[in-house]
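> Predicted model follows, preceded by the sequence.
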2 protein chains.
Amino acid sequence: MSKAALYDFIRQQRSFLCVGLDTDMSKIPDFLLEHEDPIFEFNKRIIDATHDLCVAYKPNLAFYEVLGSSGWESLQKTIAYIPDTHLVIADAKRGDIGNTSQYYAKAFFEALGADAVTVAPYMGRDSVQPFLGFPNKWVVVLALTSNAGSEDFQLSQQPEGVPLYEKVMRHCMEWASPDELMFVVGATHPEQFEHIRSFCPDHFLLIPGVGAQGGDLEAISKAALNDHCGVLVNASRSILYASKGADFADAARAEAKSMQAAMDKWILS
Amino acid sequence: MSKAALYDFIRQQRSFLCVGLDTDMSKIPDFLLEHEDPIFEFNKRIIDATHDLCVAYKPNLAFYEVLGSSGWESLQKTIAYIPDTHLVIADAKRGDIGNTSQYYAKAFFEALGADAVTVAPYMGRDSVQPFLGFPNKWVVVLALTSNAGSEDFQLSQQPEGVPLYEKVMRHCMEWASPDELMFVVGATHPEQFEHIRSFCPDHFLLIPGVGAQGGDLEAISKAALNDHCGVLVNASRSILYASKGADFADAARAEAKSMQAAMDKWILS
């Protein structure tokens, strides 16, 4: 999906919501466990209940890999089920030496058919570059993450007088354009968004940490949106597990609807 | 495997070699492609040909994930086939928010049955800690990697007056003991080993970059070994693809034998 197509879809949906498919066997409703593939059954119903309220889905690989090859199959089926209109972000946080990152890129863009993959930048340029250059695919580099541990290294001052996350972003911006590169910036650092937009006005930001992790949608929208929206806000647990009962899909829809409604006013006509 | 057991096994094998199972469908001998599971067939023969010359195997997940669920099955079969005496390092370079890292830890330690997993430290403490505390399992944190991109961020000076990789190591050493924590330090930075041993004398170092990437085994052994060996040297491509013919396993054995012979003199009796 191109950047222009993504923005068009955001305006059409009146939403910049990304639903995180962190599907956890121990948290899905019991009655689904009777199905041959409970993970896929759950995802299918979540997708059915939310696809008109969001623009992207983000399965986190950990929740599938914990189930071995059957988890990988559930993931393949889930990605195939997501409407072609929606951006599929494989939240994999990969990164390896160039020779190896190339295989991860193929795994996610070709074998799985994802539109985007999250990448960890610690290993530098040749670990990120093999993910670039796939037409209409996106690399989403971890910049400032939503967890407490983001303070250990990402906020550490660098010789250039900027924190590490900013150095990472500035380097990556030299390697790739806003047409194929996004950054992860956690909603738990609202004070950083204005600064980030001062040196990174055009790139899409994928923003986790709203919902279960407590980030504030209003504050983020105010500080982070640009003239082509430029923001995808992810919620996972708050939507998926809004109810553990038979009404889980309705409850997920209500939660997604509430987020979409809050997003509507920020989207230009 | 405990640290003491690992050192005993190193002395028994007269080797601190780790064979990297970066098994690439496009590089294995053609005649194996007729088998139902060429990746497993290749790995099986490499393991048969090298297990008395090494102490560990390190499958890199990228080469299996690129094949989807069937790749995951090949990996499961490979890990089950590796003798219980040997350390199995899942080279996955994972790391996510705590809630999610916990699932990766289960995926590798429980579902796959690996003894160790490589972890990327960019997301900080709560991304690393969920991998700790599994009895006789190991966390191998990326410190200074073997690729050119290691210079982009890992060697950047921090406010504490040390490069980022050292800050990462010092933080991790506060979180875990040498009984469950190792570090990845690439053989392509031989000048750093003496310094690393000055502040990190006891932890095992997993050292990739010997072989195809050009690191020097003698220089590394001299600078990095400690009184319990403390080093695992990995070679992948130079062993796996020593020949592309029917003699590939013999050629792999000859290459592993040559490395083991060079290691012998560094191991105390």
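Ah, there it is.
> looking only at pLDDT, what's the mean for stretch A:45-62?
For stretch A:45-62, the mean per-residue pLDDT is 98.
> tell me which element residue A:239 is part of?
Assessed by DSSP states H and E, residue A:239 sits inside helix A:237-240.
> Alongside chain B, which residues does the stretch 151-269 of chain A contribute?
Contact residues (CB under 8 Å from any CB of the partner chain) of the stretch 151-269 of chain A with chain B: A:151-154, A:156-159, A:164, A:167-168, A:171. All C-beta spots, glycine's among them, are computed from the backbone N, C-alpha and C.
> Output the contacting helices and strands for the helix holding residue A:239.
Using 3 or more CB pairs under 8 Å, 6 or more residues apart in numbering or on different chains; DSSP states H and E as the contact test, the elements touching helix A:237-240 are strand A:17-21, helix A:38-50, helix A:248-264.
> list the buried ones in the second one?
This means helix A:38-50. For helix A:38-50, burial by neighbour count (16 or more other CB atoms under 10 Å in any protein chain shown) applies to A:38-47, A:49-50.
> picking that back up, okay, the helices and strands packed on helix A:237-240 in CSV with distance to residue A:7 next?
Output for these, formatted as CSV (distance: least, CB to CB, whole Å):
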stretch, distance to residue A:7
strand A:17-21, 15
helix A:38-50, 20
helix A:248-264, 14
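> Correct me if wrong, but residue A:234 is in a strand.
Yes - using DSSP: H, G, I helix; E, B strand; the rest coil, the assignment for residue A:234 is a strand.
> can you count the residues close to it?
Counted with other CB atoms under 10 Å in any protein chain shown, the neighbours of residue A:234 add up to 30.
> can you check the one 10 residues further on too?
Around residue A:244 there are 12 other residues, counting by other CB under 10 Å.
> Per-residue pLDDT of it, please?
What the model reports as pLDDT for residue A:244 is 93.
> Now do it against chain B, distance only.
Computed with CB to the nearest CB, to the nearest Å, the distance linking residue A:244 and chain B is 17 Å.
> and that residue, what are its phi and psi?
With angles defined as degrees, to the nearest 10, residue A:244 sits at phi -100, psi 10.
> what's the closest non-adjacent residue to it?
Leaving aside its chain neighbours, residue A:244 sits nearest to residue A:29 (5.6 Å; criterion: CB to CB, 6 or more residues apart in numbering or on different chains).
> go on, residue A:24?
residue A:63 (5.8 Å).
> Make sure the one you found is indeed in a helix.
Yes - according to three-state DSSP, residue A:63 belongs to a helix.
> so what's it up against?
A:21-24, A:39, A:71, B:100, B:103 (CB atoms under 8 Å, 6 or more residues apart in numbering or on different chains).
> at 10 Å instead, please
A:20-25, A:27, A:39, A:71, A:74-75, A:91, A:236, B:100, B:103-104, B:107 (CB atoms under 10 Å, 6 or more residues apart in numbering or on different chains).
> Could you check the pLDDT of residue A:174?
Per-residue confidence (pLDDT) for residue A:174: 98.
> What is the burial count for it?
So residue A:174, with other CB under 10 Å, has 7 neighbours.
> which secondary structure elements does the helix or strand where it lies contact?
Taking DSSP H and E as the definition, residue A:174 sits inside helix A:164-175. Under the contact criterion of 3 or more CB pairs under 10 Å, 6 or more residues apart in numbering or on different chains; DSSP states H and E, helix A:164-175 touches helix A:125-128, strand A:138-144, helix A:150-153, strand A:181-185, helix A:193-199, helix B:150-153, helix B:164-175.
> Now it: buried residues?
For helix A:164-175, by 16+ other CB under 10 Å, it's A:164-169, A:171-173.
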